[in-house]
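Enquirer: Here is a sequence together with a model predicted from it:
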Amino acid sequence: MGAYEEVYRSSVDDPESFWLRAAEAIDWHVAPRTALDDSNPPFYRWFPDGELNVCHNALDRHVAAGRGDATALIYDSPVTGSKRTYTYAQLRDEVATFAGVLTGLGVQRGDRVVIYMPMVPEAAVAMLACARIGAIHSVVFGGFAPKELAVRIDDAAPKVVVSASCGIEVTRVIEYKPLLDQAIEMAQHKPERVVVLQRPQATAQLGERDVDWATAAAEATPADCVPMKATDPLYILYTSGTTGKPKGVVRDGGGYAVALAWSMSNVYDIRAGETMFTASDVGWVVGHSYIVYGPLLAGAATVLYEGKPVGTPDAGQFWRVVQEHGVKTLFTAPTAFRAIKKEDPDGEYTRKYDLSSLKYLFLAGERLDPETYRWASDLLGIPVIDHWWQTETGWPIVANPAGIELLPLKAGSPTVPLPGWDVQVLDINGRPVEPGTDGAIVVKLPMPPGALPTLWNDDERFVSSYMKAFQGYYLTGDGGRIDEDGYVYVMGRTDDVINVAGHRLSTGGMEEVLASHPDVAECAVIGVSDPLKGQIPRGFVVLKAGVQRDHAELAAELVQMVRDQIGAVASLKEIDVVPALPKTRSGKILRKTMRGIADGLDEPVPSTIESVEVLEALRPILRKEKTG
C-alpha cells in the first residue's frame, strides 16, 4: 500500500482519530477531545468542545515561536508599480491595530463586517482583524455592482463595512465609494459605519457615516485575540451573482483551520519559510483559503498580487513574481494559463526569468482541459496539478497530494480524493455506477472539517440545495466518472450535459477535442434548444495570438475532429470563431448565460462578470441560429 493509500484509508476507517491528530498542528485555548458531533445530520459539527482563535494561529503563535522576522505577506502590484513585504510581527501589529479600530466602532464577537476591497494588504488585514475579535467577515469582490452588494449587505446585516477609495483594472481606475454609497442607499439594512482606505489613484469623499482608515488606525488601541468556539462562524462567502437571495456559505473556524493546516503540507507541499503564490482574489474562496489563511497558518510567505496574468503589462508577470520572490508553489486558474498561452504561445517569457524555485503548478476553478495541461507541463517541466473543489468545501476534494506522494498524472483528471472525502458517482436513481461510467459526483456524509456546516440563516436551503437529491450524500452539482484506478474525472456541471436526440453528451468532452487543435487558445461548447433533437451543441473558439485562419475552414476542421473522436452522434456542426469568451472574475466561462441568450431568453447579466462588453459583443452571434 502506497503512502497516499495508507493515509486515505486511515481517514475513512477512523476519521475521529485522524482529525484529532491533525488538530494537534493548531494552537487551542481548549483542546478538543471529540472530533465530530454527528448527533444532528446533515448538520455535522467538527471539534465541538474545542476553543481557538484563527488569527492567533495565523500570526501570533509564529511570533511567539521566535519567527516574528520571517516573511508573512508579499504585496506585488504591477498595476501601481508598488511592492511591500510584511514580517509576521509587522502583520500581527497591523492586524491588532485594525482590530482595535473595529472594536472602537462597536464591533463585537458575532457581529458581521462586510469587506469590499481591491487586492491590497489591507484586505487581508481586515479579514484577520475580524477573526481576531470574533467578528464574522464577508468579503464581497471589490467593484461588485451596487444592487448585488446591497443584497449581500441585507443578508449579512453588517455593523461595519470596510472599503477602499478605488480598485485598479488594466485600463481604468474604478471608484468604489460611489458604488458602495449606492448599495447602502438601496439596502434595507444600514451599516453603522464605513471605514475607507484612501488610495492615491482616487480619493473618496467621506460623509458622516465614514471613517478614514489611516486616521482611525493612528488613534486605535491594539486588540487581543478572543477565544472562539471551534463551531463559531469565521466568515460568510456568497457563491453566486443571482438577483434573488444569495447563498451565504458559512465557514467555521476550528474545522477550517485544521483542514487548511493539513492541506498546506500534504497537498501543496508548503511548509514554514517557503513561499506560495496564489494568483486569485480574496473575493473568492481560493483567496480566503490559499492567499490569506492557509499559508499564514503554515508559517509560510504568501504573495498577494494586484494585477492580471496578461496585460499588466505583459504575459510574463507570473514568471517575474516567481523569480523575485522565490515562489515554490504557484496556484491559479486554468483560464489564466489559457490567457498566457494565447498571448505567448511559445512561452518566450519563461526564458527571461529564473524559475528554478518553482516546484509545482496547481490549477483549479474550472476544468483543466488536457491541451492546456500538456502546454503548461511541456513549458515548465514540473508537475502540473489539476485539483477540484468548491466554495462550499473550502479546500480541495480531489487532488494529487504532492506532500504525501506524487501520484502518476493523468490528463483530464484532478487525480484522487483527498483524505476525508468519500467521493462516489451515482446514477439518477442514487445507485453507484460501474468504474468508468458517467453520473453525478457526490460526497458521502459527513464531509471532513473545513466544509460548510450550513448556509447563513438558511438551514432549509442548505438541505434542499445540497442534501436532498441523494439521501446521505452531498450533491456537488458536477458530473463525471471514477476510473478503475480511483482517479476522478470531473466533466463539468451536470447542467452542461446535453441531451441530443436521446443521447446524453458531455459538452466538456467536446471542448476537450476543440482545445486540442493547435490554433485554438480556448473554447466553450453549449447546448441550445432544437425542435427536432431537443438540444444541439454549438461551439465557440478563441484563436491563439497571431493566428490568421479562414474561419469557415477552421470550423470545418474542428467539426471533423469532433466527429472522428466522439462520433456523429455529437452533432456539433456550428462553430464560431470569436475574439473572447465571457467569464466571471474568477475565470469561469459563463456557459449558462450563453445558453440562455442562444435560446432567446432575456438572460440577466451576472454580477460576477469580468467584462460586460465581451458578453454584449457575443450576444448577436449567440442568437443568429435562433433567427436564421
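Expert: Here it is on my side, so go on.

Enquirer: Every contact and neighbour count from this point should use C-alpha atoms.
Expert: Noted.

Enquirer: who touches residue 315 in this structure?
Expert: Applying Cα atoms under 8 Å, 6 or more residues apart in numbering, we find residue 315 in contact with 309, 340, 343, 344, 349.

Enquirer: hmm, try it at 10 Å
Expert: 308-309, 336-337, 339-344, 347-350 (Cα atoms under 10 Å, 6 or more residues apart in numbering).

Enquirer: pretty sure it is in a strand, no?
Expert: No - using DSSP: H, G, I helix; E, B strand; the rest coil, the secondary structure at residue 315 is coil, not a strand.

Enquirer: The chain should start at 562 in everything you say after this.
Expert: With 562 as the first residue, the last one maps to residue 876.

Enquirer: Residues contacting stretch 772-781, please?
Expert: Residues contacting stretch 772-781 (Cα under 10 Å, 6+ apart): 655, 657-666, 683, 723-725, 754-759, 765, 767.

Enquirer: Just the buried ones among those residues, please.
Expert: Buried members of these, scored by 16 or more other Cα atoms under 10 Å, are 655, 657-666, 683, 723-725, 754-759, 765.

Enquirer: Let's see which of these end up in helices.
Expert: The helices, defined by DSSP state H, take in 655, 657, 658, 659, 660, 661, 662, 663, 664, 665, 683 from these.

Enquirer: my guess is the fifth one meets residue 674, correct?
Expert: No - in this structure residue 660 lies outside contact range of residue 674 using Cα atoms under 10 Å: 11.5 Å.

Enquirer: Quickly list what's touching both of those two.
Expert: Counting by Cα under 10 Å, 6+ apart, the residues touching both residue 660 and residue 674 are 668, 687, 688, 691, 696.

Enquirer: ok, residue 602 to residue 816 distance?
Expert: Using Cα to Cα, to the nearest Å, we find residue 602 at a distance of 17 Å from residue 816.

Enquirer: Please apply the same query to residue 1081.
Expert: Note on residue 1081: its distance to residue 816, by Cα to Cα, is 42 Å.

Enquirer: Who has more neighbours out of those two?
Expert: Neighbour count, other Cα atoms under 10 Å: between residue 1081 and residue 816, residue 816 has more, with 25 against 22.

Enquirer: which stretches of the stretch 962-1111 of the chain form helices?
Expert: For the stretch 962-1111 of the chain, applying DSSP state H, counting those that start in this stretch gives helices covering 1020-1023, 1068-1076.

Enquirer: would TSV of those with mean neighbour count be doable?
Expert: Listed next are these as TSV, based on neighbours: other Cα atoms under 10 Å:
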stretch	mean neighbour count
helix 1020-1023	15
helix 1068-1076	23
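
Enquirer: Return the member of those having the minimum mean pLDDT.
Expert: Lowest mean pLDDT within the helices of the stretch 962-1111 of the chain: helix 1068-1076, a mean of 85.

Enquirer: What's the local residue count around residue 1181?
Expert: Neighbour count for residue 1181, taken as other Cα under 10 Å: 13.

Enquirer: Output the host helix or strand of it as PDB - backbone C-alpha positions only.
Expert: In this structure, residue 1181 is located in helix 1173-1188 according to DSSP states H and E. Output in PDB follows, covering the C-alpha atoms of helix 1173-1188 (Å, rounded to 0.1, in the frame of the first residue of the first chain):
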ATOM      1  CA  VAL A1173     -19.900  43.100 -19.900                       C
ATOM      2  CA  GLU A1174     -18.500  44.200 -23.300                       C
ATOM      3  CA  VAL A1175     -17.400  40.700 -24.200                       C
ATOM      4  CA  LEU A1176     -20.800  39.300 -23.500                       C
ATOM      5  CA  GLU A1177     -22.600  42.100 -25.400                       C
ATOM      6  CA  ALA A1178     -20.300  41.500 -28.400                       C
ATOM      7  CA  LEU A1179     -21.200  37.800 -28.400                       C
ATOM      8  CA  ARG A1180     -24.900  38.300 -28.000                       C
ATOM      9  CA  PRO A1181     -25.800  38.700 -31.700                       C
ATOM     10  CA  ILE A1182     -23.600  35.700 -32.600                       C
ATOM     11  CA  LEU A1183     -25.300  33.600 -30.000                       C
ATOM     12  CA  ARG A1184     -28.700  34.400 -31.300                       C
ATOM     13  CA  LYS A1185     -28.000  34.000 -35.000                       C
ATOM     14  CA  GLU A1186     -29.200  30.400 -35.200                       C
ATOM     15  CA  LYS A1187     -32.400  31.400 -33.500                       C
ATOM     16  CA  THR A1188     -33.300  33.800 -36.200                       C
END
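
Enquirer: in it, what counts as buried?
Expert: Neighbour counts over helix 1173-1188 (16+ other Cα under 10 Å) mark 1175, 1176, 1179, 1182, 1183, 1184 as buried.

Enquirer: what bits of this protein have low per-residue confidence?
Expert: For the chain, the stretches flagged by pLDDT under 70 are 562, 801-805, 1055-1067, 1093, 1128-1130, 1186-1189.
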